[in-house]
Each structure stands twice: as C-alpha cells, then as structure tokens.
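**Student:** Need a 3D model of the following:
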Amino acid sequence: MKKNIAIIMGGYSSEYEISLKSGNVVYETLDRSRYKAYRIHIFKDKWVYVDANNKEYPVNKDDFSVQLDNEKITFHCVFNAIHGSPGEDGFMQGYFELLNIPHTSCGMYQACLTFNKRDCLSVLKPYGIKTATSFYINLGDTIDEEAIVNKVGLPCFVKANKAGSSFGITKVYKKEELKAAVDTAFKEDNEIIIESFLDGTEVSVGVITYKGETKVLPITEIVSDNDFFDYKAKYLGQSKEITPARLSKMQEEKVTLLAKKIYEILKMKGFSRSEFIFKDGEPHLLEINTVPGLTKESILPQQAAVAGITLNELFNNAIEEALLDNRNLNAPKLA
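**Tutor:** Take a look at the predicted model:
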C-alpha cells in the first residue's frame, strides 16, 4: 500500500518563497510507486492542502488531516520543507511529535537550539568547537558602538539571531554603520548576534542520516561574487559553489570530522548543513541549518549528487528513516 506523505512548505518567515520552491521539488521528485504526495501550505492565516489544480482544502489541526469529499486523509509521514519558522525552530516538530506522526526533520529540541545561533554556539563551545568572537544585543538594549568594536573589531557581521538565508545580515566596515545594520537585523528578529570577521575559505558541509548511518556529504566551497554569501549570492546565482571544495587533505579531514562530531553531539537526525570558515587552518563554525534548501540550486542536493545520491534516493531515504525512527521510538520497552 502506498504511504500518504504530507510535504509541508511555506512558513511564517521571509523564507517562505524559497520553502515553496523546495517543497515543490520534493513533490515532483518523490517516488509515486511508493508514496502519495500531498502539498500542504503552512501560513499564519491558513493551513491548506493544495491539489494538482491549485484548489485548497483546509487542514484539521486537531489531528493534521484533510477531508476530501467523503474521505478523510491522514498521513504516514511528514516531509518538512519549511525553512525558518515554524518548520525549523521546533514548533512543527513538537506538534507532530505530540500527534505521533513521523517527520523527516530533527527533533523539537535540536530544531529550537540550532535555530538560535547564540544558544547553539554556546552549547558547542565546551566541546572545543571554534567560533567567531561575538557580541549580543536584544531589542531595547542600549547600543554601545565603542564596546562592540572593542570586542569584535572591524569589519564585523551584524545578524538576526533567529533567521536564515542571509535575511537581516550586514557586513559593517565603520563604527558609524552599526546603527543601521542593527535596525536591519531587528526587522527579522528581536535578538542580534554581532560576530568578528573571519577572513578565510568558507565551506558548507551537509550531514545526513543515510541508510541508518551518519553520512558526511562532499564539502562545498563558497566563493561569493558579492562582499559575502548573502541572499543574492545564495539564490540569484551571484556565487560559485564548488563541490568538492578545493581544500587540502588535512582541511578536508578536519571539517569532515568536526561536522560529524557536531551532528552527533547534538543528537541530530535528518538533513543538516553546517557552515564553516577556515581561519589559521582551523574550521570555525558559523551556523547549522536543519531544513536546508532543496531546490535544484541548493547546496545539499548538489552535494548528494556528487556523492552519487539522486534526489529521489535522498528524499525517499529521509522518509524511510523517519518511519523507522518513529517505529523504534514507539516499540515496547523490554524489562
């Protein structure tokens, strides 16, 4: 019997358009001989199933079901393609875990933690994970430009603490530019992280659970045509993404082991993509994405292809891993 798969996409953040693209790639790619795929749009004002004719049917949030004529559709598994809130910050994970519906992303705690850059970096530092020097500001705090520059130096990056796809990020060269950069970041979040500039090679490392094992995918080197890897560089072709990355054997081994270590320290599952910059030969962690882009231009699918994993295999595996994990979690415990 074919399994019903809900592909959730959209979301509440500035990333919703990218999420819709990712979700539609999953929808078009899933193996129709094994799965019945349903596109579910999640927005603040509506949760709806969108059929092939773009007709919308409301989702019953009590049990995450859809009524189609006289048939009630429930789902064997949810494929999470929501970047940002509420798909990447723990809310959807908690909802599905309460309903005991398997889903392809990491657990609620891991999603919440990794989405909060400040908290995630703080948790990992005791394990020896190197990061940029940082300064924190919350909405309403007095902005002391002198203290910020004294701690992180110039240039520096001003970022929204809980946002993705380079929304709300500015590279600041002068102290006088800090106020405008902070205002830009506060449009995305009420918490800000300001980090020192790390001058070195930037790489992106995909780590997934594949056929029951933690698998590190081929590394991608990021060479932005812009001043840094911003939204236009990521999604409008203004960058070069080189897979496999042009790293020395030692650099490759270091960042591969580190990405796997972080994945396992945090007890991750499903997809992840970690960003690093090499400084003085050592990889420094920038952030972790737990619902990375899945469009044809996105980095993780490119890495999977180099590893010999097709999109069909990548997505099918994510579903089967989620179903297996859920069965294991709900298996009877032996005395």
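**Student:** domain ranges for the chain?
**Tutor:** According to automatic domain parsing, the chain comprises the domains 3-105, 113-129+199-324, 134-196.
**Student:** got the ones you listed as TSV, with mean neighbour count columns?
**Tutor:** Where C-beta positions appear, they are placed from N, C-alpha and C, glycine not excepted. Shown next, in TSV, are those (neighbours: other Cβ atoms under 10 Å):
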stretch	mean neighbour count
domain 3-105	19
domain 113-129+199-324	18
domain 134-196	17
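**Student:** Same list, those domains, but as JSON lines with mean pLDDT please.
**Tutor:** Putting those into JSON lines (pLDDT from 0 to 100) gives the following:
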{"stretch": "domain 3-105", "mean pLDDT": "97"}
{"stretch": "domain 113-129+199-324", "mean pLDDT": "91"}
{"stretch": "domain 134-196", "mean pLDDT": "93"}
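**Student:** Which stretches in this structure count as helices?
**Tutor:** Ranges of helices in the chain, per DSSP state H, are 16-29, 91-99, 108-115, 117-124, 145-152, 178-186, 231-235, 249-265, 299-306, 311-329.
**Student:** Mind putting these into a markdown table with distance to Ala132?
**Tutor:** Output for those, formatted as a markdown table (distance: least, Cβ to Cβ, whole Å):
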| stretch | distance to Ala132 |
| --- | --- |
| helix 16-29 | 25 |
| helix 91-99 | 28 |
| helix 108-115 | 17 |
| helix 117-124 | 9 |
| helix 145-152 | 8 |
| helix 178-186 | 16 |
| helix 231-235 | 19 |
| helix 249-265 | 15 |
| helix 299-306 | 21 |
| helix 311-329 | 31 |
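**Student:** Please identify which of these is closest to Asp199.
**Tutor:** Ranking those by proximity to Asp199 (Cβ to Cβ) places helix 145-152 first, at 13.5 Å.
**Student:** Can you tell me who Tyr136 pairs with across the strands?
**Tutor:** Judged by DSSP bridges, the bridge partners of Tyr136 are Ile193.
**Student:** That one contacts Asn190, doesn't it?
**Tutor:** No. Using Cβ atoms under 8 Å, Tyr136 is not in contact with Asn190; the gap is 11.9 Å.
**Student:** what's the spacing between Leu314 and Asp89?
**Tutor:** Leu314 sits 23 Å away from Asp89, going by Cβ to Cβ, to the nearest Å.
**Student:** same deal with Ser298?
**Tutor:** 19 Å.
**Student:** out of the helices of the chain, nearest to Ile73?
**Tutor:** Minimum separation from Ile73 across these (Cβ to Cβ) falls at helix 91-99, 14.4 Å.
**Student:** Tell me the backbone dihedrals of Leu154, please.
**Tutor:** Per-residue torsions, Leu154: phi -130, psi 140 (degrees, to the nearest 10).
**Student:** out of everything not next to it in sequence, what's closest to it?
**Tutor:** Take Leu154 and drop its neighbours on the chain: the residue closest to it by Cβ to Cβ, 6 or more residues apart in numbering is Tyr173, 6.2 Å away.
**Student:** Glu264 now?
**Tutor:** Going by Cβ to Cβ, 6+ apart, Glu264 has Thr214 as its nearest residue, at 6.3 Å.
**Student:** Kindly report the same for Ala81.
**Tutor:** Among residues not flanking Ala81 along the chain, Gly23 sits closest, at 3.9 Å (Cβ to Cβ, 6+ apart).
**Student:** For that neighbour, which residues are in contact?
**Tutor:** Ile7, Ile8, Met9, Gly10, Arg39, Ala81, Ile82, Leu294 (Cβ atoms under 8 Å, 6 or more residues apart in numbering).
**Student:** Which single one of the residues you listed is nearest to Ser272?
**Tutor:** Closest to Ser272, out of all of these and judged by Cβ to Cβ, is Leu294, at 12.9 Å.
**Student:** Do I have it right that that closest one meets Val26?
**Tutor:** Yes. With contact defined as Cβ under 8 Å, Leu294 reaches Val26; the gap is 6.0 Å.
**Student:** hang on, the earlier thing: pull up the gap between the residue nearest to Ala81 and Arg273, please.
**Tutor:** Following Cβ to Cβ, the distance that separates Gly23 from Arg273 is 17 Å.
**Student:** Repeat that for Ser248.
**Tutor:** For Ser248, the distance to Arg273 (Cβ to Cβ) stands at 22 Å.
**Student:** Over to Val255?
**Tutor:** 13 Å.
**Student:** just Ser14 next, same as before
**Tutor:** Ser14 is 18 Å from Arg273, by Cβ to Cβ.
**Student:** Spit out the contact partners of Leu142.
**Tutor:** Careful, residue 142 is Thr and not Leu. Thr142 neighbours (Cβ under 8 Å, 6+ apart): none.
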